[in-house]
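Engineer: The following block contains a protein sequence and its predicted model.
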Amino acid sequence: MSNTQISPQQGNKKFLLKLEERGVDVQACYQCGRCSAGCPITEFFDLTTMEVVRLAAYGMEEMLLDSKAIWLCAACETCATRCPNDIEIAVLMDVLRELALRKGVTPAEPRIPTFHQCFLGSIEHWGRAFEVGLIAGYKMRSGDFTGDMKLGMKMFSKGKLSLKPHPIKGKAEIKQIFSGKGKEYER
Amino acid sequence: MKLSYYPGCSLHGTALDYDHSVKEVCAALGIELVEIPDWNCCGASSAHMTNHEIGIRLPMRNLLLAAELGHDVLVPCAACFQRLKAAERSLREEPEYWDIQGYPENIHIVHISSLLSEDGVLDKIREKIQVRFEGLKLACYYGCLSLRHPKTTEVINYEQPRTLEAIVTSVGAQPVSWSHRTECCSGSLTMARPDIARTLVADIVEAAKRAGADGMVTDCPMCQANVESRQLDLGGEDYLPVFFGTELISAALSAQYPAKQKKLHLVDASVLDDVLRSAPQCREETV
């Protein structure tokens, strides 16, 4: 961090344009810190929420895509709700995650996007979440074989985990959504 | 009253009992539910966090199916509610972007606690319950997604919501005043980073205990599962069970808390049983 140059001159203009298109006015930030103060995960972040907004205003895309914060953000939307300048910080986090995945940036918290991908894989396949399938898929892909074993067994014994998926009839429509319906106008 | 019903995946999986209690309570209150045929997953947090298009198109398909039915849409799950509202907002603000014109103006997406805390519905609950949970102290826990972002949810009292308190009061229990009602429990991270979930849940539960709560009440299936399960990791013996609002109403309507239902909790939930045994009956048997 200390050796990295941060300046608006070096900022990624395309990234700033993208934020503008998504209605995220990062330039409006006057650094009051309410976003960071309300963030429930902040103690686990490598960048505080306010730093994320500030770096975004400078167009420092690369640094943001490499951060843990974008993955550790739980999307609780407390930051955006409390921002006195109406900055859509939660949308900013969404844009950063999406860009990181599209650009193939190695995530600083790999298990989290792996979970998202397993969850979405389940929906793409069945149209609805299939918990046992997605848990198994997540375990395989993340290498986290032992975590929450006891909890899983407990949930299963209480009948909370079904061994059968619940496929919908409109699976073809779901496939179409995942294949990028509307992507021709991609932002 | 007739409503379209969007249960969502949790209510057909880990929170199956939530689905049952929603249906029981609505039936008892004369609210007819028509499940949206062939509904799909709303994508929850994972979709919008990683792909804007998919994050909107998934819930949007459900709205278009609901539009054919024409009724307002009842949603018990907080995450589903937020995603359906996000899709609705997109449909209203930029229909041309999604190539969907003519989505009806008059269909409302209704979260369960908003419905149950309407004055007329509360009156009906008070009138129909057989017992009152006198002396039961409950911490109403909203979490995030039924409230935030208020531009999406259109909730007015997003920092000081009162819907769960109104429901708890209507069945004779006592809501406690506490600090963590709208704090995040990090449900979306609980599998990948259980350590974070443990930290957040520990804070939330400690705050509820400090306020003297015997249990917690929520309307979010992820909060319910996460707050109960991560308490188990924390150890100790002094667990707080997390009830669904509809679970309480259902027990008050029938004056019983079935052992089968109690066993679905991951932590001991017998506090509701205990209070039921000593609870004052509301109506005389007219034999």
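Structural biologist: In hand now; what should we look at? Residues are numbered from 1 along each chain as shown, chains lettered A, B, ... in the order given.
Engineer: which residues does residue 148 contact?
Structural biologist: This is for chain A. Residues in contact with residue A:148 (Cβ atoms under 8 Å, 6 or more residues apart in numbering or on different chains) are B:191, B:194. For the C-beta atoms, the positions are set from N, CA and C on the backbone; glycine is no exception.
Engineer: wait, chain B
Structural biologist: A:76-78, A:80-81, B:82, B:158, B:182.
Engineer: Then residue A:44?
Structural biologist: Residues A:68, A:72, B:193, B:196 are the ones in contact with residue A:44 under the rule Cβ under 8 Å, 6+ apart.
Engineer: and stretch A:122-142, does that touch chain B?
Structural biologist: Yes: counting by Cβ under 8 Å from any Cβ of the partner chain, chain B is contacted by stretch A:122-142 at A:123, A:127-129, A:131, A:135, A:138, A:142.
Engineer: Make CSV out of these and add secondary structure, neighbour count and distance to residue A:89.
Structural biologist: Formatted as CSV, those follow (DSSP: H, G, I helix; E, B strand; the rest coil; neighbours: other Cβ atoms under 10 Å in any protein chain shown; distance: Cβ to Cβ, whole Å):
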residue, secondary structure, neighbour count, distance to residue A:89
A:123, helix, 26, 26
A:127, coil, 27, 32
A:128, coil, 22, 30
A:129, coil, 25, 27
A:131, helix, 23, 30
A:135, helix, 19, 31
A:138, helix, 23, 28
A:142, helix, 17, 28
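Engineer: quick one: which of the residues you listed is nearest residue B:86?
Structural biologist: Proximity to residue B:86 was ranked across these by Cβ to Cβ; first place goes to residue A:123, at 16.2 Å.
Engineer: can you pull the contacts of that closest one?
Structural biologist: Taking Cβ under 8 Å, 6+ apart, we find residue A:123 in contact with A:129, A:174, B:40-41, B:43, B:47, B:58.
Engineer: One more: residue A:87?
Structural biologist: By Cβ under 8 Å, 6+ apart, the contact set of residue A:87 is A:24-26, A:28-29, A:35, A:53, A:80.
Engineer: now those residues: which count as buried?
Structural biologist: Buried members of the contacts of residue A:87, counted by 16 or more other Cβ atoms under 10 Å in any protein chain shown: A:24, A:26, A:29, A:35, A:53, A:80.
Engineer: Looking at the residues you listed, which are in strands?
Structural biologist: Assignment to strands by DSSP state E places none of those there.
Engineer: filter those residues down to the ones near chain B?
Structural biologist: Within those, those near chain B by Cβ under 8 Å from any Cβ are residue A:80.
Engineer: Show only the entries of the buried ones among the contacts of residue A:87 found in helices.
Structural biologist: Taking DSSP state H, the ones among the buried ones among the contacts of residue A:87 that sit in helices are A:35, A:53, A:80.
Engineer: nearest to chain B, of the residues you listed?
Structural biologist: The closest of these to chain B turns out to be residue A:80 (Cβ to the nearest Cβ; 5.4 Å).
Engineer: where does the chain dip in pLDDT?
Structural biologist: Looking at chain A here, since you left the chain open. A:1-4, A:181-187 (pLDDT under 70).
Engineer: hm, I was asking about chain B
Structural biologist: B:283-287.
Engineer: can you do 80?
Structural biologist: Along chain B, segments meeting pLDDT under 80 span B:279-287.
Engineer: what ranges do the strands span in it?
Structural biologist: Here chain B has its strands, by DSSP E, at B:2-5, B:32-35, B:73-75, B:109-111, B:137-140, B:174-175, B:215-218, B:242-244.
Engineer: and residue A:109, what is it in contact with?
Structural biologist: Each residue near residue A:109 by Cβ under 8 Å, 6+ apart is listed here: A:68, A:71-72, B:192-193.
Engineer: Up against chain A, what does the stretch 151-287 of chain B have?
Structural biologist: Applying Cβ under 8 Å from any Cβ, we find that the stretch 151-287 of chain B lies next to chain A at B:158, B:183-184, B:186-189, B:191-194, B:196, B:199-200, B:229, B:232, B:263-264, B:266.
Engineer: So which of the residues you listed sit within helices?
Structural biologist: B:194, B:196, B:199-200, B:229, B:232, B:263.
Engineer: What distance do you get for residue A:141 to chain B?
Structural biologist: To chain B, residue A:141 is 11 Å away according to Cβ to the nearest Cβ, to the nearest Å.
Engineer: what about that residue, neighbour count?
Structural biologist: 15 (other Cβ atoms under 10 Å in any protein chain shown).
Engineer: surely residue A:162 meets residue A:132?
Structural biologist: Yes: if you go by Cβ atoms under 8 Å, residue A:162 and residue A:132 touch, sitting 6.8 Å apart.
Engineer: who touches both of these two?
Structural biologist: By Cβ under 8 Å, 6+ apart, no residue touches both residue A:162 and residue A:132.
Engineer: picking up where we left off before, show me which of the contacts of residue A:44 is closest to residue A:39.
Structural biologist: Out of the contacts of residue A:44, the member with the shortest distance to residue A:39 (by Cβ to Cβ) is residue A:72, at 9.7 Å.
Engineer: Kindly tell me how buried residue A:48 is, as a neighbour count.
Structural biologist: Neighbour count for residue A:48, taken as other Cβ under 10 Å: 17.
Engineer: I'd say it and residue A:36 touch.
Structural biologist: Yes: between residue A:48 and residue A:36 there is a contact under Cβ under 8 Å: 4.2 Å.
Engineer: Common neighbours of the two, please.
Structural biologist: Taking Cβ under 8 Å, 6+ apart as the contact rule, residue A:48 and residue A:36 both touch residue A:42.
Engineer: residues contacting the residue in the stretch 151-287 of chain B that chain A sits nearest to?
Structural biologist: Scanning the stretch 151-287 of chain B for the residue nearest chain A gives residue B:184, at 3.6 Å (criterion: Cβ to the nearest Cβ). Contacts for residue B:184 (Cβ under 8 Å, 6+ apart) come out as A:40-41, A:74, A:76, A:78, B:143-144, B:200.
Engineer: What sits closest to it if chain neighbours are left out?
Structural biologist: Among residues not flanking residue B:184 along the chain, residue A:76 sits closest, at 3.6 Å (Cβ to Cβ, 6 or more residues apart in numbering or on different chains).
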